[in-house]
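Visitor: Sequence below, structure please.
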Amino acid sequence: MYFGWDYQGFVVQEDSIQTIEHHLFHALTKACLIESRETSQYHRCGRTDKGVSAFGQVISLSLRSKHPVEKQDLPESITTEMQYSKILNRLLPKDIRVVAWMPIPKELPEYSARFDCIKRTYKFYFPFVPRLRRHAPCVRALIVTISAIFVKWTSQHLCTPLVIEGNAFLWHQIRCIMGVLLLVGRKGGVLTLLGTAGC
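Guide: Residues are numbered from 1 along each chain as shown. All right, here's what the predicted structure looks like:
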């Protein structure tokens, strides 16, 4: 998980070291848990843009272990394994935290956080706008499957999350959907999107 407002996004960039991945790989190599990013079989489930936070970002990679490969997913090995989260959290900035880890089961030897992910969820928080609840379910993408778009009510109606779930997202798709929904929420009117099915 990470609070992203002080970072240039999740993915490593050539012109900035202020990315989540930069700090993550700096900690991984400093702790000698990997030799390099290139040899770590690293995959990320998704990516976030500048200023965006995440509370369930998933990655997969190969780490140094106390145990041989054939014993790494046994219950007794898991309890005696290196404390990966604790090790990395000592080296990461305080606004980037490793919450948990788990071994990849033997039946999924080629597991990839990117290619084996079945759903991604984005939540956007903003001042309560009643029109959004009416129009958000109208958005459906034709190229990828968006399984749900809805506005959750909060008891105080002070900050309402808009939730978008899907199996994958196109480049800038989330930004475009959010932009249109915020315009509808502020000004009302008919919801029409190029490349999407209207209500």
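
Visitor: do you know how far V58 is from L181?
Guide: V58 sits 26 Å away from L181 when distances are taken as Cβ to Cβ, to the nearest Å. C-betas here are computed from N, CA, C, even on glycine.

Visitor: so what's F3 closest to, chain neighbours aside?
Guide: Nearest non-adjacent residue to F3, counting by Cβ to Cβ, 6 or more residues apart in numbering: D95, 4.3 Å away.

Visitor: I figured the one you found was touching M1, is that so?
Guide: No. At 9.2 Å, D95 does not count as touching M1 under the criterion of Cβ atoms under 8 Å.

Visitor: any idea of the pLDDT on the most centrally placed residue in the chain?
Guide: Nearest residue to the geometric centre of the chain (Cα atoms, centre = their mean): Q57, 3.6 Å. The per-residue pLDDT reported for Q57 equals 92.

Visitor: what's the burial count for W5?
Guide: 10 (other Cβ atoms under 10 Å).

Visitor: And V58 and L181? Which one has more around it.
Guide: L181 (25 against 15).

Visitor: Would you mind giving the secondary structure of K123?
Guide: Put simply, K123 is strand when judged by DSSP: H, G, I helix; E, B strand; the rest coil.

Visitor: in the chain, what spans have low per-residue confidence?
Guide: The model of the chain has pLDDT under 70 over residues 125-160, 184-199.

Visitor: try it again with 90
Guide: Residues of the chain meeting the criterion pLDDT under 90: 46-49, 51-52, 55-56, 66-80, 102-111, 116-199.

Visitor: which other helices and strands contact the longest helix along it?
Guide: The longest helix of the chain (DSSP state H) is helix 173-187. Packing partners of helix 173-187 (3 or more Cβ pairs under 8 Å, 6 or more residues apart in numbering; DSSP states H and E): strand 120-127, helix 130-135, strand 159-166.

Visitor: how big is the angle separating it from strand 159-166?
Guide: 140 degrees (axes from the mean of the first three to the mean of the last three Cα atoms, to 10 degrees).

Visitor: quick check: domain ranges of this protein?
Guide: 4-91, 120-197 (automatic domain parsing).

Visitor: all helices in the protein, in order from the N-terminus.
Guide: 20-30, 75-80, 84-91, 130-135, 173-187.

Visitor: Please produce JSON lines containing those, extended by distance to G166.
Guide: Formatted as JSON lines, the helices of the chain follow (distance: least, Cβ to Cβ, whole Å):
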{"stretch": "helix 20-30", "distance to G166": "22"}
{"stretch": "helix 75-80", "distance to G166": "32"}
{"stretch": "helix 84-91", "distance to G166": "29"}
{"stretch": "helix 130-135", "distance to G166": "18"}
{"stretch": "helix 173-187", "distance to G166": "9"}
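
Visitor: Nearest to Q13, out of the ones you listed?
Guide: With distances scored as Cβ to Cβ, the stretch of those nearest to Q13 is helix 20-30 (8.0 Å).
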